[in-house]
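In: Sharing a model that was predicted from the sequence below.
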Amino acid sequence: MKIVNLRREMQGDRVRVAATAIWEDCGRPEWEMYFETDAAYAEDLTCDANAFLIAGVVPAMYYGERRVAVDGPICPVLREGLLTNIAWWHHWYDDYRSVTIEAPIGGCHVPNGRPKRAGLFLSGGVDSLYSLRANRLRVPTDHPASIRDGILIDGYDINRNLYGHQPESFQRAVATMRDLSAETGVTLIPVATNLRHLNSGLWFWTQWYYAAALTAVAHVFSRRLTSVLFASASDWQAQRGPWASTAATDHNFSSCDVQILHDGLWVSRLEKLRVLTDWPSALQNLRVCTANAPGLLNCGRCEKCIRTMTALLALGRLHEASAFATRDVDAALFDTILMRSTFPLEYYQECIEPLRRQGRVDLVRAIQHLDSRCRRHQRYLALQNWPETARRVDARLFGGRLLRWKRRLAGTPSMAEAV
């Protein structure tokens, strides 16, 4: 993959930085990637080669490209971090080849001595609102680590759903987050990008790409931000990998300009919600739903809505959460939940004892039934995915020697040769 024609464009009251990705090995058509925001932030939006490198390296590896060549200077710190992540991805997904990184090494894009400024990817979900709340409770507002900017992105979880393109969904999210931002003294920066359009599959997004797609956005604001918090999606017990965002990989998307911080790893989802229940504005404006149903902040029927409502009910605070239209959870909703390869069962399991203490035996049984369904689904996937099962057996019993022997026979280069 060659990333060329890095450019900056003004389009009315919008400013955009863009680049062209040319695939060299997989035969895909050229890919125009962009990041766009309001003209009010034109001075902050940077045509940063680091951002386009991050945006391109995961798709290049996924689709079998041999290299990522960027027509612009990149940070050596970021290059080393990406090579580390490539090693992780190659370990997790050994069916995919490694890629080389080819680009001139440059210095920082911003002058030394600039004041530190912290940002946060602010989606309005449990994880990001917890990070914001915890930051305000624990960090003095004049401290360099105090969050000053919230980045809300159009094109990831918003406007790509079963209802089709819904521009009003993003505007509703902006209005909701703007109220919270004003209350907490955070500047809300709305950003649009098309990175998600490359591959709309949930597997590619959750297992591979969303951390890279988010942190690429951070780097186009390298003139403004020196650090950005990436809210952890789960506590350390659930950080098993492989996953697009982990504590082992997220910080490797950092450069000398922008540091990426994986935040809230040690806090379970139920504990995050417990903290948010003492913040009335969060209960009014929490946005966990990715269905983006017309006219609704949360649909109340998708899996993310069900898990969040269940947790709030377990905490005894769902009746205060006006972000949801209902004040109770029907056990029948659990039967509508579709299984997938990476189902977040632990989020439900931690609710069992609090629900039992409240006498909600119906929901306890529903979660236990969900547990059984999940285990059956995992056994089914194991039978379907026998190569991965064989790899794990090889790793456990033979230290990976069988796979290395197979690669030598096939002439596959080692990681050292690849980089």
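Out: The structure has been received and is ready for your questions.

In: average pLDDT for stretch 178-191?
Out: What stretch 178-191 shows for mean pLDDT is 95.

In: how far does it stretch from start to finish?
Out: Terminal residues of stretch 178-191 are spaced 14 Å apart (CA to CA, to the nearest Å).

In: hmm, who's touching it?
Out: Stretch 178-191 has contacts (CB atoms under 8 Å, 6 or more residues apart in numbering) with 35-38, 41, 44, 119-120, 122, 124, 129, 132, 136, 141, 147-154, 170, 174, 177, 217, 221, 281-282, 285. In short, each C-beta sits where N, CA and C put it, glycine included.

In: same deal with stretch 286-306?
Out: 123-126, 129, 157-159, 161-163, 166, 168-169, 172-173, 176-177, 276, 285, 308-309, 321, 323-326, 329, 333-334, 336-338.

In: now do stretch 146-153
Out: Taking CB under 8 Å, 6+ apart as the rule, stretch 146-153 contacts 117-124, 131-132, 135-136, 139-140, 173-174, 177, 181, 184-193, 214, 217-218, 221, 224-225, 228-229.

In: and what of stretch 24-35?
Out: By CB under 8 Å, 6+ apart, stretch 24-35 touches 1-2, 16-23, 45, 51-52, 55-56, 59, 63-67, 191-195, 198, 216-217, 220.

In: how's the protein carved up into domains?
Out: 2-102, 118-263, 299-384, 386-418 (automatic domain parsing).

In: With mean neighbour count and distance to N292 as added columns, please give those domains in a markdown table.
Out: Putting those into a markdown table (neighbours: other CB atoms under 10 Å; distance: least, CB to CB, whole Å) gives the following:
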| stretch | mean neighbour count | distance to N292 |
| --- | --- | --- |
| domain 2-102 | 18 | 19 |
| domain 118-263 | 19 | 4 |
| domain 299-384 | 17 | 8 |
| domain 386-418 | 12 | 33 |
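
In: between these, which one is nearest to C108?
Out: Comparing the domains of the chain against C108 with CB to CB, the closest turns out to be domain 118-263 (5.1 Å).

In: First-to-last residue distance for the closest one?
Out: End-to-end distance for domain 118-263: 13 Å, by CA to CA.

In: just stretch 290-309 next, same as before
Out: Per CA to CA, the first residue of stretch 290-309 is 15 Å away from its last.

In: Next: stretch 314-322.
Out: Across stretch 314-322, first to last residue, CA to CA, it's 16 Å.

In: And the strands in the stretch 251-400 of the chain, which stretches?
Out: With strands called from DSSP state E, counting those that start in this stretch, the stretch 251-400 of the chain shows them at 259-263.

In: tell me the helices in it, going along the chain?
Out: All helices of the stretch 251-400 of the chain, identified by DSSP state H, counting those that start in this stretch, fall at 269-276, 280-285, 303-314, 345-349, 352-357, 361-384, 386-398.

In: can I get those helices in CSV with mean pLDDT?
Out: Output for these, formatted as CSV (pLDDT from 0 to 100):
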stretch, mean pLDDT
helix 269-276, 96
helix 280-285, 95
helix 303-314, 96
helix 345-349, 91
helix 352-357, 97
helix 361-384, 87
helix 386-398, 65
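
In: want to throw the ones you listed into TSV with distance to P104?
Out: Formatted as TSV, these follow (distance: least, CB to CB, whole Å):
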stretch	distance to P104
helix 269-276	42
helix 280-285	45
helix 303-314	43
helix 345-349	45
helix 352-357	55
helix 361-384	44
helix 386-398	37
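
In: so which of those comes closest to S245?
Out: The nearest among the helices of the stretch 251-400 of the chain, by CB to CB, is helix 269-276 at 14.4 Å.

In: Return the subset of the contacts of stretch 146-153 lying in helices.
Out: Taking DSSP state H as the definition of helices, these contribute S131, L132, N135, R136, A173, V174, M177, S181, T184, L214, V217, A218.

In: Go through those residues and name the one nearest H91.
Out: L214 (22.1 Å).

In: Keep only those of the contacts of stretch 24-35 that are in helices.
Out: Those of these lying in helices (DSSP H): A51, F52, A55, G56, P59, A216, V217.

In: The fourth one touches A21, doesn't it?
Out: In other words, G56. Yes. Taking contacts as CB atoms under 8 Å, G56 lies within contact range of A21: 5.6 Å.

In: which regions of the stretch 1-150 of the chain lie under the pLDDT threshold?
Out: For the stretch 1-150 of the chain, the stretches with pLDDT under 70 are 94-96, 107, 109-112.

In: Go again with 80.
Out: Low-confidence segments of the stretch 1-150 of the chain (pLDDT under 80): 93-97, 107-113.

In: likewise the stretch 201-350 of the chain?
Out: 234-242, 290-295, 340-343.

In: follow-up on the earlier one: can I get the domains of the chain in TSV including distance to E271?
Out: Below are the domains of the chain laid out as TSV (distance: least, CB to CB, whole Å):
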stretch	distance to E271
domain 2-102	27
domain 118-263	8
domain 299-384	9
domain 386-418	31
